[in-house]
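Asks: Quick one, fold the following:
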Amino acid sequence: MATSSFRGGLAMAVVLLPLLLLLALLAPLQCAASAAATCVGLAPAKRRREVISITEFGGVGDGRTVNTWAFRKAVYRIEHQRRRGGTELRVPAGTWLTGSFNLTSHMTLFLARGAVLKATTDTRRWPLVEPLPSYGRGREMPGARYAGFISGNGLRDVVITGDKGVIDGQGEVWWNMWRRRTLQHTRPNLVEFMHSTGIHISNIVLKNSPFWNIHPVYCNNVVVTNMMILAPHDSPNTDGVDPDSSTNVCIEDSYISTGDDLVAIKSGWDEYGIAYNRPSSGITIRRVRGSSPFSGIAIGSEASGGVSDVLVEDCSIFNSGYGIHIKTNVGRGGYIKNVTVDNVRMSGVRVAGVRIAGDAGDHPDANFSQLAVPTVDAVRITNVWGVGVQQPGSLEGIRSSPFTRICLSNVKLFGWRNGAAWRCRDVRGAALGVRPSPCAELATSFAAAGSCSF
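Replies: All right, here's what the predicted structure looks like:
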């Protein structure tokens, strides 16, 4: 009887063990999904009761007339003559040359089909703004920075959308200044919102940004959806979307091909980010595809305010330097935790499919502290498949702060070179169903590691 009971229990264990492992695998994914933005109900693209046209303010879409004053007048009118339900500023078909301008709350900027909003290349007249407090200086140069082409600060309920209209930053003049080292200040972002909530950007094309394309910083409730973001692969630092010290951000259903990371999550730079202490959390990235000479989906390296509760799912990355790239450094401080990457496909990755690095990125000045050691914990990467991947992965932590609970499951990355192997040091975690075989620092099973049910 005892033998029969033992056999029955053993049989039950054999049946239940795969299920228990699967539940352990899914638990953090469910946790991250609930913590990250669901993308449903965030910053809906509202219909405005009032619709006005830029032509009513003297705008001329002939590609030669500079329309900066027309756009600023239109936004001033919307801001100072509030209409219940807000106002849509419509840009009809044509080429609308303009300098930088700000938006205002309860406003929609709508670009009709055939409308091209084109940034002036007269950099001498470009306005300057203060550096971000979480960076302490311009990202490229000390001191002030150039204002974004389209900006907003302290706004609520702002929509940029259209019928596949185009915002063209004409960034080559800025890229050449960077290449020649003649920049006086940090280059402008194409679209930047600060201290704002309820931002919705959709259904337009962004191209040739001078610097980062979309930069929500100190924002909440941001949706970027159905976008095309384009820049040449040799254009410097033209990141696609960079949520920065922001919460509840959804980036979905978009194609990005730029000269830098497709998406890069940030939260401040070294001692300035630590002091400002504004994390990024609740970030969802899904159904994004594209190529970059650098990274597909990146976290950091400027993550000194902390990054948590990130969900990346159902993405395709091709012709890229890295696929998934988590990067930090001594002096950064902060943390990167509770990150789930699921169902990502890669092809033509020239450096590594997965990189988690503790020695990446530069410093704003010499005042950073060697004691500001970041932590990386609870990163789960599941259901990743790639071909043409030079190296499967590099997981290299910090000796005084090893990266913990780095867990891989069903990760299969096939390379150009036979025998390409994972590189690991100062990292702890587990692996299940990983090809090529994972490094020794990762236990052979989740059960053996006892550390992947976070």
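Asks: count of neighbours near the nearest residue to residue 137 once chain neighbours are set aside?
Replies: Counting by C-beta to C-beta, 6 or more residues apart in numbering, residue 137 lies nearest to residue 131, which is 5.0 Å off, once chain neighbours are set aside. No exception for glycine: its C-beta is placed from N, CA and C like everyone else's. Each residue near residue 131 was counted by other C-beta atoms under 10 Å, and the total is 20.
Asks: Repeat that for residue 58.
Replies: By the criterion of other C-beta under 10 Å, residue 58 has 12 neighbours.
Asks: mind starting the numbering at 110 from now?
Replies: Taking 110 as the first residue, the last one we looked at is residue 167.
Asks: Okay, helices next: where are they in the chain?
Replies: Here the chain has its helices, by DSSP state H, at 111-144, 177-189, 281-289, 379-385, 555-558.
Asks: Give me the residue ranges of this protein where confidence is low.
Replies: Judged by pLDDT under 70, the chain has its weakly predicted residues at 110-147, 149-154, 525-527, 553-563.
Asks: what about the longest strand in it?
Replies: Longest strand of the chain, by residue count under DSSP state E: strand 444-466.
Asks: Packing partners of it?
Replies: Contacts defined by 3 or more C-beta pairs under 8 Å, 6 or more residues apart in numbering; DSSP states H and E place strand 444-466 against helix 111-144, strand 389-408, strand 416-436, strand 484-498, strand 502-505, strand 512-523.
Asks: mind listing what that strand pairs with, with the direction of each?
Replies: Within its sheet, and counting by DSSP bridges, strand 444-466 is paired with strand 416-436 (parallel), strand 484-498 (parallel), strand 502-505 (parallel).
Asks: So which of those strands is nearest residue 340?
Replies: In terms of C-beta to C-beta, the element of these nearest to residue 340 is strand 416-436, at 14.1 Å.
Asks: what angle sits between that closest one and strand 389-408?
Replies: Orientation of strand 416-436 against strand 389-408 (axes from the mean of the first three to the mean of the last three C-alpha atoms, to 10 degrees) gives an angle of 10 degrees.
Asks: can I have strand 416-436 written out in CSV, keeping just the CAs?
Replies: Presented in CSV, the C-alpha positions along strand 416-436 are these (Å, rounded to 0.1, in the frame of the first residue of the first chain):
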residue,chain,number,x,y,z
VAL,A,416,13.8,52.0,-13.5
SER,A,417,11.2,49.4,-12.6
ASP,A,418,8.2,47.4,-13.8
VAL,A,419,9.0,47.3,-17.5
LEU,A,420,7.2,44.9,-19.9
VAL,A,421,8.5,44.3,-23.4
GLU,A,422,6.5,41.9,-25.5
ASP,A,423,5.9,40.8,-29.1
CYS,A,424,8.7,42.9,-30.7
SER,A,425,10.9,42.3,-33.8
ILE,A,426,14.4,43.6,-34.0
PHE,A,427,16.6,43.3,-37.1
ASN,A,428,19.8,44.7,-38.5
SER,A,429,20.8,45.9,-35.1
GLY,A,430,23.9,46.1,-32.9
TYR,A,431,22.2,44.6,-29.8
GLY,A,432,18.8,43.2,-29.4
ILE,A,433,17.9,43.7,-25.7
HIS,A,434,20.4,46.0,-23.9
ILE,A,435,20.3,46.8,-20.2
LYS,A,436,23.2,49.1,-19.3
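Asks: and that strand with strand 512-523, angle?
Replies: If you take the same axes, to 10 degrees, strand 416-436 sits at 50 degrees to strand 512-523.
Asks: What's opposite residue 445 in the beta bridge?
Replies: Applying DSSP bridges to residue 445 yields these beta-bridge partners: residue 416, residue 485.
Asks: again with residue 407
Replies: With DSSP bridges as the rule, residue 407 is bridged to residue 373, residue 434.
Asks: Residue 339 too?
Replies: Bridge pairing for residue 339 - DSSP bridges - gives residue 316, residue 366.
Asks: any idea how far residue 225 is from it?
Replies: 13 Å (C-beta to C-beta, to the nearest Å).
Asks: try residue 539
Replies: From residue 539 over to residue 225 the distance is 51 Å, taken as C-beta to C-beta.
Asks: Neighbour count: these two, which is higher?
Replies: residue 539 (25 against 19).
Asks: ok, and the closest non-adjacent residue to residue 193?
Replies: Closest to residue 193 by C-beta to C-beta, 6+ apart is residue 158, at 6.3 Å.
Asks: From what I see, the one you found and residue 215 are in contact.
Replies: No: judged on C-beta atoms under 8 Å, residue 158 makes no contact with residue 215 at a distance of 10.3 Å.
Asks: between those two, who's got more neighbours?
Replies: residue 215 (20 against 11).
Asks: residue contacts, the residue lying closest to residue 551 once chain neighbours are set aside?
Replies: Residue nearest to residue 551 in three dimensions, not counting chain neighbours: residue 540, with 4.2 Å by C-beta to C-beta, 6+ apart. Under the criterion of C-beta atoms under 8 Å, 6 or more residues apart in numbering, the neighbours of residue 540 are 516, 517, 518, 520, 547, 551, 552, 553.
Asks: Show me what the first one is bridged to.
Replies: It stands for residue 516. As for beta bridges, residue 516 partners with residue 489, residue 539 under DSSP bridges.
Asks: That one and residue 465 touch, don't they?
Replies: No: counting by C-beta under 8 Å, residue 516 does not reach residue 465; the two are 11.6 Å apart.
Asks: related to what we said a few turns ago, any idea how far the residue nearest to residue 551 is from residue 495?
Replies: Distance from residue 540 to residue 495, by C-beta to C-beta: 16 Å.
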